[in-house]
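Enquirer: Could you look at this predicted model? Sequence included:
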Amino acid sequence: MFCQDSQLVNKCYGYRYQWIILGYPSLSTWWNQPTDCSIQEIIHVINGTLQTRLPPLSIDDNESPSEYITEYLKQFSKLEKDYFDGYVYDTIWSLAYLYQSHLLSNQSISGIFKNVIENIDVIDAT
């Protein structure tokens with residue numbers, strides 16, 4: 001899909017678009033599929049996407065909270081790590097801060113966004 005988008009006349013990527021991808025694909029899915037695009041074209045198009053990972057967990061009513069957390073950490077540690085994790089972490093915290101700021105003020109969302117971006121001060125991964 002991203003390869004095809006990079007070749008369209010009306011490109012659907014860049015600062016005017018935000019792709020949110022549910023269910024993070026493995027790296028082999030991104031880079032090892034046959035395609036007409038170069039790796040550089042795909043990287044250019046997926047830059048700025050928000051990708052999520054969902055560990056394969058279910059809640060068992062018989063598990064205690066500590067057992068559930070232990071199982072979650074065990075399953076989560078098996079997920080493929082990659083370069084973009086820090087960016088996702090920082091993005092989520094920035095969005096949470098923006099959301100909280102919006103709830104606590106009467107400013108417009110665009111005004112709050114501008115203010116938060118100009119003044120945010122966090123210790124982050126990136």
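Expert: Happy to help now that I have it. If you're wondering where the values come from, they're calculated on a predicted model, not measured in any experiment.

Enquirer: elements contacting the strand or helix carrying Ile43?
Expert: In the assignment (DSSP states H and E), Ile43 maps to helix 39-46. In terms of contacts (3 or more Cβ pairs under 8 Å, 6 or more residues apart in numbering; DSSP states H and E), helix 39-46 is packed against helix 2-6, helix 27-31. For the C-beta atoms, the positions are set from N, CA and C on the backbone; glycine is no exception.

Enquirer: need the next SSE after that helix, C-terminal direction.
Expert: That would be, after helix 39-46 and using DSSP H and E, strand 50-51.

Enquirer: Mind checking what helix or strand follows that next one in sequence?
Expert: Toward the C-terminus from strand 50-51 - assigned by DSSP H and E - lies helix 65-76.

Enquirer: Dump the helix or strand following that next one to PDB, keeping only the CA atoms.
Expert: Going down the chain from helix 65-76, the next helix or strand is helix 85-103, by DSSP H and E. Taking Å, rounded to 0.1, in the frame of the first residue of the first chain, the C-alpha atoms of helix 85-103 are listed here in PDB:
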ATOM      1  CA  ASP A  85       9.900   2.600  19.500                       C
ATOM      2  CA  GLY A  86      11.400   5.700  21.100                       C
ATOM      3  CA  TYR A  87       9.500   8.000  18.700                       C
ATOM      4  CA  VAL A  88       6.200   6.200  19.400                       C
ATOM      5  CA  TYR A  89       6.800   6.500  23.200                       C
ATOM      6  CA  ASP A  90       7.500  10.200  22.900                       C
ATOM      7  CA  THR A  91       4.500  10.800  20.600                       C
ATOM      8  CA  ILE A  92       2.100   9.100  23.000                       C
ATOM      9  CA  TRP A  93       3.300  11.100  26.000                       C
ATOM     10  CA  SER A  94       3.100  14.300  23.900                       C
ATOM     11  CA  LEU A  95      -0.400  13.600  22.800                       C
ATOM     12  CA  ALA A  96      -1.400  12.700  26.400                       C
ATOM     13  CA  TYR A  97       0.000  16.000  27.600                       C
ATOM     14  CA  LEU A  98      -1.800  17.900  24.800                       C
ATOM     15  CA  TYR A  99      -5.100  16.100  25.700                       C
ATOM     16  CA  GLN A 100      -4.800  16.900  29.400                       C
ATOM     17  CA  SER A 101      -4.000  20.500  28.500                       C
ATOM     18  CA  HIS A 102      -7.100  20.700  26.400                       C
ATOM     19  CA  LEU A 103      -9.300  19.400  29.100                       C
END
